[in-house]
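>>> With the input below, show me the fold.
(2 chains)
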2 protein chains.
Amino acid sequence: MKLYFYRMENIFTDEYFMKKALAEAEMAFEKGEIPIGAVVVVNNQVIARSHNLTELLNDVTAHAEMQSITAAANYLGGKYLKDCTLYVTVEPCQMCAGALYWSQISKIVFGAADPQRGYLNMGTKLHPKTQITSGVLAKECGELMLRFFQARRK
Amino acid sequence: MKLYFYRMENIFTDEYFMKKALAEAEMAFEKGEIPIGAVVVVNNQVIARSHNLTELLNDVTAHAEMQSITAAANYLGGKYLKDCTLYVTVEPCQMCAGALYWSQISKIVFGAADPQRGYLNMGTKLHPKTQITSGVLAKECGELMLRFFQARRK
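Residues are numbered from 1 along each chain as shown, chains lettered A, B, ... in the order given. Below you'll find the predicted structure:
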C-alpha cells in the first residue's frame, strides 16, 4: 500500500499579493499616473490598497506607498504597522522608505528595482525590524512602467 | 549739508518666518504632539502652515513638512514648489527630505538640528535646485523639543 500525502497549497504567496498591487498599478496607468500600486496585508488579508495619484492630486507626496501606510494605520487604529507586509510594484523612493521607517512595518515586498530613485541606491535607512523581499513579479511590474514611459514619449 | 539715507528695514527675515513656524510648533506642543511646526512662504507671503499631527491622526506620515508641502501645492495649483521657502523648526527627517526632493522646493530653512533622525546624518538627498539654511532660531526651536520630552518623561 502506498500513502499519498497532499500538502494544502498556500495560495497566499508573495506573487498572489503582488498581483493585487499590480492591479492597482494598472489603475494608475489608466489615469495617466506613473503606474505604481501597493497593498498592505495582515494575516493574508488586504487592509489597504492604493496607487500613485501625484498628478490627479497635484501632490508629490501622493505615492502609492504613502497612501497605503495612512490607510493601513487608519484600519488598524494605530500608527505602527506591526505584522504588516507592504507589497509595492516598484522599489520605494527616499520619501516612502522614510515613511516606512517610521511605521516600523514588519515586511516590504517590492517588484521592479529603481536604480535611479529607489531607496537602496539613495541610501535611505529602513527600520531594523523591517524585512525585505525584492524582485517579486519584477518583470510584469517593470514592463508596466516601461510601457507608460514609452507611451508618454510619443 | 549732510544727507541721510535711510534703508527700509526688511522685516521679512528668516527669523520672522521661523517665528511663524515656532508658533505652529507650540500648537503641536499643546496637543501633546512632538512640537515641530512649518510654514511655506512665497514672495514674503505665507501660503501654508502646519504642525506635527502624527498622534492625533494616528499617522506616521503626518509630519509638519508633509502637510505643508501638500497645502502649498494645493494653494499653488501645481505640485512643484518653485520659488517657495519651507521654514521648519527642526531638521527634516528622511521622509520629509524625500518629499522635499520631489517638490523641487527652492529653499529650506530649518531651526534645530536633529543628529539622530535628521536627513543630514541619515544621508537623504535633496534636489540640486534646493538651497539650505540651518540654525535659524535653533535655540528656541530646540528648547521647545527639550521641554516636550522632559515633560513626557515625568
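
>>> and the most centrally placed residue in chain A, what are its bridge partners?
Residue closest to the average C-alpha location in chain A (Cα atoms, centre = their mean): A:V88, at 1.3 Å. For A:V88, the beta-bridge partners are A:A38, A:F110 (DSSP bridges).

>>> from memory it sits against A:A38, does it?
Yes - using Cβ atoms under 8 Å, A:V88 is in contact with A:A38, at 4.2 Å. All C-beta spots, glycine's among them, are computed from the backbone N, C-alpha and C.

>>> hey, what's in contact with both of the two?
A:A21, A:A64, A:E65, A:S68 (Cβ atoms under 8 Å, 6 or more residues apart in numbering or on different chains).

>>> can you tell me which residues contact A:Q131?
Remark: with contacts taken as Cβ under 8 Å, 6+ apart, A:Q131 is in contact with A:S106, A:K107, A:I108.

>>> next one: A:N52
Shown in contact with A:N52 (Cβ under 8 Å, 6+ apart): A:A25, A:A28, A:E33, A:I34, A:P35, A:I36, A:G37, A:A62, A:H63, A:A64.

>>> near chain B, which residues of chain A?
Counting by Cβ under 8 Å from any Cβ of the partner chain, chain A comes close to chain B at A:54-55, A:58-61, A:66, A:69-70, A:73-74, A:77-80, A:93-99, A:101-103, A:122-125.

>>> Sketch out the strands for chain A, chain order is fine.
Using DSSP state E, the strands of chain A run over residues A:37-42, A:45-51, A:85-90, A:107-112, A:131-134.

>>> Render the CA-only coordinates of the last one in PDB, please.
Taking only C-alpha atoms (Å, rounded to 0.1, in the frame of the first residue of the first chain), the coordinates of strand A:131-134 have been written out as PDB:
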ATOM      1  CA  GLN A 131      12.400  42.500   6.400                       C
ATOM      2  CA  ILE A 132      12.800  43.000   2.600                       C
ATOM      3  CA  THR A 133      12.000  40.800  -0.300                       C
ATOM      4  CA  SER A 134      12.600  42.100  -3.800                       C
END
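
>>> follow-up on the earlier one: deepest in the core, which of the strands of chain A is it.
strand A:85-90 (a mean of 28; mean count of other Cβ atoms under 10 Å in any protein chain shown).

>>> how far out from the middle of the chain is it?
2 Å (Cα atoms, centre = their mean, to the nearest Å).

>>> Likewise for stretch A:15-22?
9 Å.

>>> same question, stretch A:67-84
Using Cα atoms, centre = their mean, the offset of stretch A:67-84 from its chain centre is 14 Å.

>>> How about that stretch, which residues are buried there?
Using 16 or more other Cβ atoms under 10 Å in any protein chain shown as the test for burial, stretch A:67-84 gives A:Q67, A:S68, A:I69, A:T70, A:A71, A:A72, A:A73, A:L76, A:K79, A:Y80, A:L81, A:C84.

>>> Return the subset of these lying in helices.
Counted as lying in helices by DSSP state H, out of the buried residues of stretch A:67-84, are A:Q67, A:S68, A:I69, A:T70, A:A71, A:A72, A:A73, A:L76.

>>> list the contacts for the third one?
Read that as A:I69. By Cβ under 8 Å, 6+ apart, the neighbours of A:I69 are A:V40, A:A48, A:L81, A:L86, A:A99, A:L100, A:S103, A:I105, B:D59, B:V60, B:T61.

>>> could you redo those as CSV and give each row distance to B:A138 and pLDDT?
Below are those laid out as CSV (distance: Cβ to Cβ, whole Å; pLDDT from 0 to 100):
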residue, distance to B:A138, pLDDT
A:V40, 38, 98
A:A48, 38, 98
A:L81, 33, 98
A:L86, 36, 98
A:A99, 26, 98
A:L100, 29, 98
A:S103, 29, 98
A:I105, 32, 98
B:D59, 28, 98
B:V60, 25, 98
B:T61, 26, 98
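
>>> And those residues, which two are furthest apart?
A:L86 and B:D59 (15.0 Å; Cβ to Cβ).

>>> thinking again about what came up before, drop anything exposed from the contacts of A:N52.
A:A25, A:A28, A:E33, A:I34, A:P35, A:I36, A:G37, A:A62, A:H63, A:A64.

>>> what's near enough to touch the third one?
By Cβ under 8 Å, 6+ apart, the contact list for A:E33 reads A:H51, A:N52, A:L53, A:T54, A:E55, A:L56.

>>> Go through the residues you listed and flag which are in helices.
Going by DSSP H, the helices hold none of these.

>>> Could you identify the most distant pair in those residues?
Greatest spatial distance among the contacts of A:E33 (Cβ to Cβ): A:H51 and A:E55, at 11.4 Å.
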